[in-house]
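In: Any chance you could fold what I've pasted below:
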Amino acid sequence: MYRELVSKRLGMMTLVSLGITASLLYGFIEVFLGREPSMGGELAFLVLVMLIGHWAEMKYAASASKALKELASLIPSKATLIRDGEVVEVPVNELKEGNLVLIRPGERVPSDGIIVSGRANVDESLLTGESKPVFKKEGDRVIGGSLNLDGAIKVAIDKTGEETFLAQVMRLVKQAQESKTAIQTLADRGAAFLTIVAITVAIVALTY
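Out: Residues are numbered from 1 along each chain as shown. The predicted structure follows:
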């Protein structure tokens, strides 16, 4: 509620918080006047709805975070770089556009690039959803994070870091995690309208 008030964008949190606060205050007044509180059921229901909503939201956020971790784990920490005719292992984050890397059977592609030598079946299921291995040959593009099933291939890197296909997928997943759905936006608008109506009615009732 505090964040919504500070940003001047009333929503569901403000409406529910006002309902809980009003129920509590009314109950305190009843107790003060010597009567049994009559809003206990309504108050408990509001709190229950609030908790269920937060639980569902946290569960969704946890699933999205797990998906991001699984995607990040697809990129190997090391890459086999071919430099001046020699083969050396280097950290993946040191790869640059134009580098030539060797990818052996059973290894994952360290970054996006073009095959310049060799051929192999590549598993891209976790990235593209393609369940069957894709046969790749010289001139074909390979995606960072995909798995080389057989055959050694040499790949010329042409995209690194945030430019890679995997990085873009991870960015979309994160945006989806942080953004609100159309239903949430509509619910917040309705809640804002009801909040204004409730405050107006309360002011009129207290005035008269």
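In: Give me the neighbour count for residue 75.
Out: Residues contacting residue 75 under the criterion other CB atoms under 10 Å number 18. Backbone N, C-alpha and C define where each C-beta goes, glycine included.
In: if I pick it, what's in contact with it?
Out: Contacts for residue 75 (CB atoms under 8 Å, 6 or more residues apart in numbering) come out as 92, 108, 110-111, 144-145, 166.
In: repeat that for 7 Å
Out: Neighbouring residues of residue 75 by CB atoms under 7 Å, 6 or more residues apart in numbering: 92, 110, 144-145, 166.
In: Likewise for residue 80?
Out: 87, 89, 101-102.
In: From residue 26, how far out is the residue of the chain most remote from its centre?
Out: Using CA atoms, centre = their mean, the residue of the chain lying farthest from its centre is residue 34. It sits 51.2 Å away. Remark: distance between residue 34 and residue 26 (CB to CB, to the nearest Å) = 15 Å.
In: cool, residue 149 as well?
Out: From residue 149 to residue 26 the distance is 68 Å (CB to CB).
In: if we can go back for a sec, filter the contacts of residue 80 down to the buried ones, PyMOL style.
Out: In PyMOL, this line selects whichever of these come out buried by 16 or more other CB atoms under 10 Å:
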select buried, resi 101+102
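In: where does residue 90 land in three-state SS?
Out: Using DSSP: H, G, I helix; E, B strand; the rest coil, the secondary structure recorded for residue 90 is strand.
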